[in-house]
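Enquirer: Predicted coordinates and the sequence they were generated for:
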Amino acid sequence: MHGDLDEYKFFKEATLHICGSLHVQEAIDAFYTFIQDWIPCDEVEVGYYDNLTSTGMVLANATCKPELSSAPMARYSKSEWQRYRDALFSSGSDSFYINDFETADPIFALVERLHQSDHKNKSSLFIPLSMNDQDLGLIIITTYKAHAFTRDHTHLTNLLHAPFAIAMANWSQHLTLIQYKSDLEDDCRYFQKALRKEAGTHVIGSEGGLKEVMKMVAKVAVTDSPVMILGETGSGKEVIANAIHASSNRKQGPFIKVNCGAIPENLVDSELFGHEKGAFTGASKSHRGRFERASGGTLFLDEVGELPLHAQVRLLRVIQNQELERVGGTHPIPVDVRVISATHRDLAAMVKGRTFRQDLWFRLNVFPIDLPPLRNRPEDIPDLAHHFVIEKLSALRRKTPQVMTEGALDRLLSYSWPGNVRELQNVVERELILTPSGPLNFESLTPQQPAPSGQTDDEETPETLNQAMARTIHKALVACNGKVQGKGGAALRLGINPSTLRARMEKLGVTHKKKALHQT
Ligand SMILES: Nc1ncnc2c1ncn2[C@@H]1O[C@H](COP(=O)(O)OP(=O)(O)OP(=O)(O)O)[C@@H](O)[C@H]1O
């Protein structure tokens, strides 16, 4: 029936269809259409043998009667599949047919019964697949008619054993990779969410002392421009960097932080840009640097002023070219990263002193944001303190809320906070530990406490305590539209008793009259 030429044509075209796609369903659809001209066929099914679980499953099928076929991904039970595969492989041939399921090994009828079709009126050709003594699965070509197949058909299907075995090995590896990829993406989303939660996206003071800063955040977030956040230690630079990332188009991508001052000088290049296996002693594996990890997202270079000069040169090149070369690498890797840097140092002075490259400074400083120290935004202190009390109470697993004494806010407001918000956070934690129950008074915090040198040497003359207090009360009254007590009133906002607030307003000459309030 088939000459050599026909066989060659059949083999070539069948192989092209079978191996034409890494997506099993695509390949089987193409094969199903092709095989119609050669063999009676109403359905082609791909069964996959999972070596790990020793079970079988339907990977794909193509049919003219979908209502009769088994669903893709349907699994056979372990024992069923074991009996089935023993029967399949015991035939010892590359393919065989069953024209009458009533008289065949009962396991075939049992498996056929899993399909909704009538097994009496059908014939199937089986191609059991294995490679290097490993079972891979099988192909079943079925027609809905009894006694349909002859040796001529198996003569052709024997030829398909090798192409189907190769394709099956590729399909299963491809499926495994897709599964790994989707698991990794899922893990990545999970960890990024956890990181975002850890870093905290809620910026306290966004309606108070950080209002102007947050306006700038909103403006720059939607762009991809580099941002430089300038502010003292602990003032919330990372919180602001996070807020920029969270409001940007990159928010679904990673937010990767690098503390440039914490990496030993000889490891900076490898940490930022990665390295190839064997690049230096101890580089036993290739390693993706933080830049590559941040691709599609934001890289936050904290304490960028601490970067050694050789890393500055490399950093400039990466930012300019949007591609990097790993240490010991030979080809450029494209990266799509938005860079936010931060420093508490005077980078302009460092540029003058030639410890920071001017060209890099220009590149990073496209959009500078000045983050005011906490002492210059005392109006945020009550909200921050309140926030940290709640946060730390929960970390200490305490259920009873703890309020502040009347003098507590005075003490918090009159302190100069050289360590900024982080110090306030620590002070609250210490106070909660020292005062396991009862109101918090922060007695250990004295206004005389001197700020460490270098931290408060602002050019501005510091405000007096009364000025700071008057400003805070005034701002709270403006925010509350002049309301002193009750819900939405300034006393509640400041966390103090209304009568104490009134006494202070009188003493400091702060009014709550709406007209006067908005004139000052
Ligand atoms: N506005 C804010 N709202 C809520 N929490 C804040 C705010 N500012 C700072 N914090 C908290 O204070 C701590 C210090 O903030 P952060 O790490 O952002 O400061 P930093 O300026 O980056 O510090 P460093 O200079 O040491 O890198 C963090 O725990 C942060 O969550």
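Expert: Okay, I see it.
Enquirer: any idea which helix or strand carries M505?
Expert: Assigned by DSSP states H and E, M505 falls within helix 498-508.
Enquirer: Show me what that helix is packed up against.
Expert: With contacts defined as 3 or more C-beta pairs under 8 Å, 6 or more residues apart in numbering; DSSP states H and E, the packing partners of helix 498-508 are helix 465-479, helix 490-494. Glycine gets a C-beta too; all of them are placed from N, C-alpha and C.
Enquirer: looking at those helices, which is buried most?
Expert: Ranked by mean neighbour count, the helices and strands packed on helix 498-508 are led by helix 490-494 with a mean of 22 (mean count of other C-beta atoms under 10 Å).
Enquirer: to the chain's geometric centre, what's the distance from it?
Expert: In this view, helix 490-494 has its centroid 39 Å away from the chain centroid, taken as C-alpha atoms, centre = their mean, to the nearest Å.
Enquirer: try stretch 385-399
Expert: 28 Å.
Enquirer: Surely E80 is in a helix?
Expert: Yes - counting by DSSP: H, G, I helix; E, B strand; the rest coil, E80 is located in a helix.
Enquirer: thinking again about what came up before, and the helix holding M505, what's its mean pLDDT?
Expert: What helix 498-508 shows for mean pLDDT is 79.
Enquirer: what sits up against it?
Expert: 406, 466, 469-470, 473, 484-485, 489-491, 494, 510-512 (C-beta atoms under 8 Å, 6 or more residues apart in numbering).
Enquirer: on that earlier part again, can you lay out the helices and strands packed on helix 498-508 as JSON lines showing mean pLDDT and distance to the ligand?
Expert: Below are those laid out as JSON lines (pLDDT from 0 to 100; distance: least, C-beta to the nearest ligand atom, whole Å):
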{"stretch": "helix 465-479", "mean pLDDT": "77", "distance to the ligand": "16"}
{"stretch": "helix 490-494", "mean pLDDT": "80", "distance to the ligand": "16"}
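Enquirer: And the residue of this protein closest to the ligand?
Expert: Closest to the ligand within the chain is G236: 2.7 Å, counting by C-beta to the nearest ligand atom.
Enquirer: burial count for the nearest residue to that residue once chain neighbours are set aside?
Expert: The shortest distance from G236 to any non-neighbouring residue, by C-beta to C-beta, 6 or more residues apart in numbering, is to V421 (5.2 Å). Using other C-beta atoms under 10 Å, V421 is surrounded by 25 other residues.
Enquirer: for the one 4 residues further on, same thing?
Expert: Neighbouring residues of Q425 were enumerated by other C-beta under 10 Å; the total is 18.
Enquirer: Same check on G278?
Expert: G278: 12 surrounding residues under other C-beta under 10 Å.
Enquirer: which residues in the chain form strands?
Expert: Here the chain has its strands, by DSSP state E, at 43-50, 55-63, 75-76, 96-98, 123-131, 134-143, 227-230, 255-259, 298-302, 323-324, 333-334, 338-343, 367-370.
Enquirer: weakest of those by average pLDDT?
Expert: Mean pLDDT values for those show the minimum at strand 75-76, a mean of 72.
Enquirer: Please name every helix or strand in contact with that strand.
Expert: Where contact means 3+ C-beta pairs under 8 Å, 6+ apart, strand 75-76 is packed against strand 55-63.
Enquirer: if we can go back for a sec, shouldn't the residue of the chain closest to the ligand be in contact with G419?
Expert: No - using C-beta atoms under 8 Å as the test, G236 is too far from G419 to be in contact (11.9 Å).
Enquirer: So these two - more neighbours on which side?
Expert: Ranked by neighbour count (other C-beta under 10 Å), G236 and G419 place G236 first, with 27 against 20.
Enquirer: Could you report the pLDDT at that one?
Expert: 95.
Enquirer: when you give positions from now on, start the count at 701
Expert: In the new count, where the first residue is 701, that last one comes out as G936.
Enquirer: Run through the residues that contact it.
Expert: Applying C-beta under 8 Å, 6+ apart, we find G936 in contact with V903, L910, L1071, N1120, V1121.
Enquirer: ok, and of these, which contact the ligand?
Expert: Applying C-beta under 6 Å from any ligand atom to the contacts of G936, one finds that V903, V1121 fall near the ligand.
Enquirer: low-scoring stretches of the chain, by residue?
Expert: The model of the chain has pLDDT under 70 over residues 701-705, 766-774, 810-819, 896-901, 1146-1165, 1213-1220.
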